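[1] Here is a sequence with its predicted model. Questions after.
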Amino acid sequence: MRVEVGIIGGGPAGLLLAQLLDLAGISSAILERRSRSHVLSRIRAGVLELGTVDLLHRAGVASRLQAQGQTHRGFHIAAGEAMHRIDLAGLAEAHVTVYGQTEVTRDLYAARDTAEGVILDEAEDVTPHGFDTATPHITFRRQGAPGRIDCAFIVGCDGFHGVSRASIPAAQRQEVERAYPFGWLGVLSETPPVSDELIYAIGAGGFALCSMRSATLSRYYIQVPLGERVEDWPDARFWGALRQNLPSSIGERLVTGASIEKSIAPLRSFVTQPLRHGRLFLAGDAAHIVPPTGAKGLNLAASDIHYLSEALIAFYRTGEETLLAAYSERALARVWKSVRFSWWMTNLLHRFPEDDTFTRRIKEAEMAYLLSSRAAQTVLAENYVGLSY
Ligand code: APR
Ligand code: PHB
């Protein structure tokens with residue numbers, strides 16, 4: 001098979017890129033390791049920045065989002081018993097849209113199916129070759145038979161554990177990472193959300209987040225020490241620990257119920273650079289990871305795909321390679337601002353076991369300043385709704 005762009009990974013980044021390229025008449029094929037049902041079974045945050053919503057509209061996949069997405073013009077920050085609403089509309093003249101990442105992925109799959117896009121799922125041993133030449137190709141195995149895709153460009157959208165970044169010689173990659181000394185224990189429950197806006201809180205036991213998927217489906221998180229296992233967290237223990245990290249006025253009105261999904265995720269900040277190696281480009285989680293505190297993972301995948309699709313379309317329309325050459329620098333400039341914001345929000349809202357008294361006092365002062373300063377809240381709001389592309 002020959003296409004212009006071979007895409008490794010059928011998550012949001014790969015699907016969105018294929019859709020945008022298709023609308024510009026550029027052929028692509030997606031090689032996805034897992035089954036579609038597995039990809040669609042992943043429970044992930046869906047707080048969409050304005051830029052992401054605009055890009056999904058441009059990709060022609062935003063009709064359900066428009067009908068079912070919830071517009072959020074603010075969220076709450078709580079520290080102990082203190083709670084303050086961050087007025088996104090008033091401070092940043094903007095809002096975010098809450099719409100599960102699973103639904104974004106579902107919409108993208110539906111659009112690719114309508115366009116009869118090539119998505120080869122359950123592809124094994126996917127391997128990029130020759131991306132330091134003008135004729136790269138990808139090999140793989142599928143349904144027991146070997147396969148090959150010849151292409152002009154390869155885009156690695158295969159997430160943090162994918163093959164694309166790993167195929168680049170280590171000497172050509174600069175990687176930085178910060179692993180956090182805790183994880184997030186998340187619960188999905190068929191209960192009404194405790195608030196119609198998100199609440200990010202730090203209490204006696206550390207971080208808590210009250211989020212939602214709909215008026216009858218709640219999503220909650222608490223920070224847990226590294227090494228914790230889901231089986232050590234029966235629902236009752238989770239609800240008790242969640243209440244401990246919330247203002248009592250919120251904890252008292254929490255509607256608890258049986259968890260229908262429960263998982264623990266590690267937190268890390270990670271960036272690899274550059275994002276281009278010859279004819280191989282990296283985008284999304286294959287290129288960077290942020291702690292979910294700032295809800296930036298999906299939004300950074302979207303901005304990477306904005307820059308990369310713009311560059312590929314310009315190349316195929318005019319032969320110009322300027323934007324292709326600039327992709328890594330343009331994407332990383334925005335990535336690092338979101339990495340910083342996610343790191344800042346994670347430090348502010350979590351208890352770090354190694355924090356000494358001085359550090360704890362600094363963080364308390366930072367929180368007190370944030371809750372009392374319009375200027376500080378404006379900075380938070382501007383970053384949360386998403387910086388311009
Ligand atoms: N071959 C083919 N596919 C692969 C391989 C491989 N070797 N390795 C991983 N994949 C697939 C995964 O199965 C997954 O479906 O690549 C896809 C990567 O998708 P995501 O991990 O969702 O990454 P991305 O598309 O960049 O979206 C980023 O997803 O993980 C969240 O928090 C993250 O919200 C952010 C968003
Ligand atoms: C979620 O709803 O899963 C969610 C929301 C906001 C975050 C992280 C996760 O910052």
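    Arrived safely, thanks for sending. Ligands and ions are numbered 1, 2, ... in the order given.
[2] Helices of the stretch 101-250 of the chain, residue ranges please.
    Secondary structure of the stretch 101-250 of the chain (DSSP state H, counting those that start in this stretch): helices at 101-114, 235-244, 248-251.
[3] hmm, who's touching the first one?
    The one in question is helix 101-114. Outside helix 101-114, the residues that touch it by CB atoms under 8 Å, 6 or more residues apart in numbering are 11-12, 15-16, 18-19, 22, 30, 36, 39-46, 48, 56, 59-65, 68, 117, 119, 298. Placement of C-beta: from N, CA and C, glycine included.
[4] Contacting ligand 1 as well, which ones from those?
    11-12, 39, 44, 298 (CB under 6 Å from any ligand atom).
[5] of those residues, closest to Arg317?
    Pro12 (25.0 Å; CB to CB).
[6] count of neighbours near that closest one?
    26 (other CB atoms under 10 Å).
[7] Ok, Ile43 next?
    Residues lying near Ile43 (other CB under 10 Å) number 15.
[8] Next: the one 5 residues further on.
    Residues within reach of Leu48, counting by other CB under 10 Å, total 28.
[9] Among the contacts of helix 101-114, which lie within helices?
    Counting by DSSP state H, these place 12, 15-16, 18-19, 22, 36, 39, 56, 63-65, 68, 298 in helices.
[10] Switch the helices of the stretch 101-250 of the chain over to a markdown table; also include mean neighbour count and mean pLDDT.
    Formatted as a markdown table, the helices of the stretch 101-250 of the chain follow (neighbours: other CB atoms under 10 Å; pLDDT from 0 to 100):
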| stretch | mean neighbour count | mean pLDDT |
| --- | --- | --- |
| helix 101-114 | 19 | 97 |
| helix 235-244 | 17 | 98 |
| helix 248-251 | 15 | 97 |
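[11] Show me what from the stretch 151-300 of the chain comes close to ligand 2.
    Residues of the stretch 151-300 of the chain lying near ligand 2 (CB under 6 Å from any ligand atom): 198, 209, 211, 219, 292-293, 295.
[12] which pair in the ones next to ligand 1 among the contacts of helix 101-114 spans the largest distance?
    Val39 and Leu298 (13.8 Å).
[13] ok, the two, which is more surrounded?
    Under the criterion of other CB under 10 Å, the comparison of Val39 against Leu298 puts Leu298 first, with 25 against 22.
[14] Surely that one and Ala45 touch.
    Yes - if you go by CB atoms under 8 Å, Leu298 and Ala45 touch, sitting 6.8 Å apart.
[15] Show me which positions of stretch 257-277 end up buried.
    Across stretch 257-277, burial judged by 16 or more other CB atoms under 10 Å covers 259, 262, 264, 267, 269-277.
[16] quick one on the thing from earlier: nearest to Asp150, out of the ones in helices among the contacts of helix 101-114: which one, please.
    Using CB to CB, Ala18 comes nearest to Asp150 of the ones in helices among the contacts of helix 101-114, at 16.9 Å.
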